[in-house]
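Chemist: Below: sequence and its predicted model.
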Amino acid sequence: MSGTDNFEAVVKERRTEAVAEFHEDKTLIKRFQHALHSAPSLVPLIVLMVSILLFAGLVGTRFFSAATLTLILQQVQLVGIVAAAQTLVIMTAGIDLSVGAIAVLSSVVMGQFAFRYGIPVPLAVLCGLGVGTALGTINGWLVAVMKLPPFIVTLGTWQIILATNFLYSANETIRAQDIEDRAPLLQFFASTFKIGADENGRGGATFTFGVIFMILLIAVLSYALRSTAWGRHVYAVGDDPDAAQLSGVNVRGTLISVYALSGLICAFAGWALIGRIGSVSPTSGAELNIQSITAVVIGGISLFGGRGSIWGALFGALIVGVFSLGLRLLGVDPQWTFFFIGLLIIVAVAVDQWIRKVAA
């Protein structure tokens, strides 16, 4: 074999090895992307663990204490509950800008019905839950039946509900002391209990019923989305409503049920809001809209619908809570919290686009 033939053989062999190596790398990348696609909550879970380890290293081992970690849960309970409602809507490729307003109006109805009209507190709470469900159903009807864009619909209902809230309550706040004396059930979600405390009640982890409700809610919704026909319909409608309709899915009914359930969950958030701040205030919960969307986006739920895990919304809320508390313990300017959360939002959307493009 001549020198030229030897050279060509070596070049061909190296090209073959390079192509094989490229395909192997591409396969590994695709495996990783498919893993993220099949387990969308994996990314926010990793980010959450890294965040906790990072602040534990900067703040000290006290960041790992039961008191600190349960404090984070208490701080994010409202956002976690509302984010669960927002997740359901976003999974259908929609968005609900009225979630915060529904939560606040529901809390105001509970308080006003109990104090202004003297209705028994349990019945007042049920009325508040009914109002939230009705408002969510109206959103769903406008989106599913009238075919109006979810963003525009909920932007409009947000303004209407907000105005109704102030007009109905006359901007009146029901004080915490009055609630404690006459309607303690309104503060139910603020009730606490300890796990792992010593005989004197010191140490251990302190939980509120609001935190327990948030975790149970996420668990139940996760099961419903993963293991029921309704859950599969939600994903199908978000992925391709026309194909879902051709497959026999009742797209209108699914959308209305999602928005109605979202409204009910927001009403529960309104009940938890009373416990969190102690009073019934029409001006509370102003940031729940943006906070819920932030938790959902960081949690890896696709804004294009049809993909995501509701556990991701909880992890997203916890990530925000970890950054907020960690930076505060470090004595950092609070504005840096918004800076880092903004970066996380952009990165989360970029990762979602990357997964959708390559893992499809």
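Modeler: Good, I have the coordinates.

Chemist: Tell me how many other residues surround the closest residue to N250 other than its chain neighbours.
Modeler: Spatial nearest neighbour of N250, chain neighbours left out: H233 (7.5 Å); criterion: C-beta to C-beta, 6 or more residues apart in numbering. All C-beta atoms are positioned from the backbone trio N, CA, C, and that covers glycine. Counted with other C-beta atoms under 10 Å, the neighbours of H233 add up to 23.

Chemist: for the stretch 51-200 of the chain, which spans come out with low pLDDT?
Modeler: Residues of the stretch 51-200 of the chain meeting the criterion pLDDT under 70: 197-200.

Chemist: where do the helices sit along it?
Modeler: Secondary structure of the stretch 51-200 of the chain (DSSP state H, counting those that start in this stretch): helices at 66-91, 99-115, 121-144, 150-169, 176-182.

Chemist: Could you tell me how far the second one lies from the centre of the chain?
Modeler: So that's helix 99-115. What separates the centre of helix 99-115 from the centre of its chain is 21 Å, taken as C-alpha atoms, centre = their mean, to the nearest Å.

Chemist: The helix or strand hosting G275 - contacts with which helices or strands?
Modeler: In the assignment (DSSP states H and E), G275 maps to helix 251-277. Counting contacts by 3 or more C-beta pairs under 8 Å, 6 or more residues apart in numbering; DSSP states H and E, helix 251-277 packs against helix 66-91, helix 99-115, helix 121-144, helix 209-227, helix 229-239, helix 241-246.

Chemist: Save those helices as TSV, and put in distance to W158 too.
Modeler: Formatted as TSV, these follow (distance: least, C-beta to C-beta, whole Å):
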stretch	distance to W158
helix 66-91	13
helix 99-115	5
helix 121-144	10
helix 209-227	23
helix 229-239	22
helix 241-246	24
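
Chemist: Find the one among these with the highest mean neighbour count.
Modeler: Each of the helices and strands packed on helix 251-277 was scored by mean neighbour count; the highest is helix 99-115, a mean of 28, by mean count of other C-beta atoms under 10 Å.

Chemist: Any buried residues in the helix holding G275, and which?
Modeler: By 16 or more other C-beta atoms under 10 Å, the buried positions in helix 251-277 come out as 251-252, 254-277.

Chemist: which is the next helix or strand following that helix?
Modeler: Criterion used, DSSP H and E; the element after helix 251-277 is helix 288-298.

Chemist: Residues touching that next one, excluding its own?
Modeler: For helix 288-298, the external contacting residues (C-beta atoms under 8 Å, 6 or more residues apart in numbering) are 44, 47, 76, 78-80, 82-83, 85-87, 90, 95, 97-101, 103-104, 158, 269, 303, 312-317, 319-320, 341, 344-345, 348-349.
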